[in-house]
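S.K.: here are the coordinates; sequence isn't available:
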Ligand code: KG4
Ligand code: ZN
């Protein structure tokens, strides 16, 4: 088996993005994502519609990824796909497609855990940006996840903290909804937060043991504040939009920083690698960068296209599994609650 010229085609379909990437070893040649706009009308991802959209998108997305990479199907060494966690109906589209393709081309099939993918995205060769040194603390923050993971090697990872209810992206999006902003509201909170006073509305931070997170109480606190104040002044939200956004963001950023400080103290590891859509947030980015000077941490933030759900991260994880000859059987199935 030749180990220098590995071409992996990777498929990611765990939620509402249909994605395909083609990699040559650890270099991403193409990274195509079809984002499903349909969910915007519903204010959140509708699983049944997501599954149907994946079925429509998958063939053109795979086609485009191969063309962009200038790689033929016959050159491929293996097919990697997301086996979980995620929405069952969405995962099944990717799993079935990956199985058929590997069978038709007679090449290995590699199942990839989506959360491992987020963490190993840092090992995609992307210009001169160095990859994190082991061990590091990976923090994945998105619409579906909030998780701190001790990453000991490419294959040895341990979840040391996670949310016990909502993900941080939901806290952003649901707070935005309370303020009357469209879905997904996270980027809009970020935008208006730049114009407001982060101390205007002090929200209490949830008290959760250890390194776990909770965001559902925060979301309710925002709702109650808005309901209470709107009774007194019907224009409350309009008149205080920027201050509300700045205060919401300030609190969410502080929650993340608190837990990271605890995780560093507990593990002695000072290298942090962040991933997930919420890592686009400017408050989170500034806070993370500031820790390099304040505490001497080393922080890795990958290129935006590899932080949100993408197939490049599934491909790089598939690449490492390929090197280990860690292939899946054809009877493998998707697991919506797959553990890291
Ligand atoms: O990783 P992602 O694209 O999809 C998954 O949830 O898996 O993350 C989407 C989440 C949404 O909740 C969105 O509001 C949030 O990331 N997001 C942001 C920002 N950009 C995206 N939240 C806050 N500030 C941003 N700039
Ligand atoms: Zn994700």
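M.R.: Received the coordinates, thanks. As the structure is a prediction and not an experimental result, all values here were calculated from the model. Ligands and ions are numbered 1, 2, ... in the order given.
S.K.: what sits closest to residue 319 if chain neighbours are left out?
M.R.: Beyond its immediate neighbours in the sequence, the residue positioned closest to residue 319 (Cβ to Cβ, 6 or more residues apart in numbering) is residue 8, lying 5.5 Å away. (C-beta placed from N, C-alpha, C; glycine too.)
S.K.: which ones are touching that neighbour?
M.R.: For residue 8, the set of contacting residues under the criterion of Cβ atoms under 8 Å, 6 or more residues apart in numbering consists of 22, 23, 76, 77, 78, 79, 80, 110, 315, 318, 319, 322.
S.K.: for those residues, pick the one with the most neighbours.
M.R.: Across these, the neighbour count under other Cβ atoms under 10 Å reaches its highest value at residue 315, namely 37 neighbours.
S.K.: quick one: contacts of the helix or strand where it lies?
M.R.: Assigned by DSSP states H and E, residue 315 belongs to helix 312-323. Helix 312-323 is contacted from outside by 3, 6, 8-12, 19, 21-23, 25-26, 28, 31, 77-78, 80-82, 108, 110, 112-114, 116-118, 120-121, 123-124, 154-155, 275, 305-306, 327, using Cβ under 8 Å, 6+ apart.
S.K.: do the same with stretch 239-254
M.R.: With Cβ under 8 Å, 6+ apart as the criterion, stretch 239-254 contacts 168, 171-172, 175, 179, 188-203, 205, 215, 218, 222, 226, 229, 233, 237, 281, 283-284, 287.
S.K.: quick one, longest helix in this protein?
M.R.: Selection of the longest helix in the chain by residue count, based on DSSP state H, yields helix 236-267.
S.K.: is the following helix or strand past it positioned near ligand 2?
M.R.: In the C-terminal direction, the helix or strand that comes right after helix 236-267 (DSSP H and E) is strand 271-275. No: no part of strand 271-275 sits near ligand 2 under the criterion Cβ under 5 Å from the ion; the closest distance found is 8.0 Å.
S.K.: got the residues of the stretch 101-250 of the chain near ligand 1?
M.R.: Taking Cβ under 6 Å from any ligand atom as the criterion, the neighbours of ligand 1 within the stretch 101-250 of the chain are 142, 143, 144, 169, 172, 173, 184, 186, 187, 189, 190.
S.K.: ok, of those residues, which one's closest to residue 335?
M.R.: Compare each of these with residue 335 using Cβ to Cβ and the shortest gap goes to residue 144, at 14.9 Å.
S.K.: that closest one: how many residues sit nearby?
M.R.: Tallying neighbours of residue 144 according to other Cβ under 10 Å, which is how burial is gauged here, yields 23.
S.K.: residue of the stretch 101-250 of the chain nearest ligand 2, please.
M.R.: When distances are taken as Cβ to the ion, the stretch 101-250 of the chain reaches nearest to ligand 2 at residue 142, 4.9 Å away.
S.K.: sounds good, over and out.
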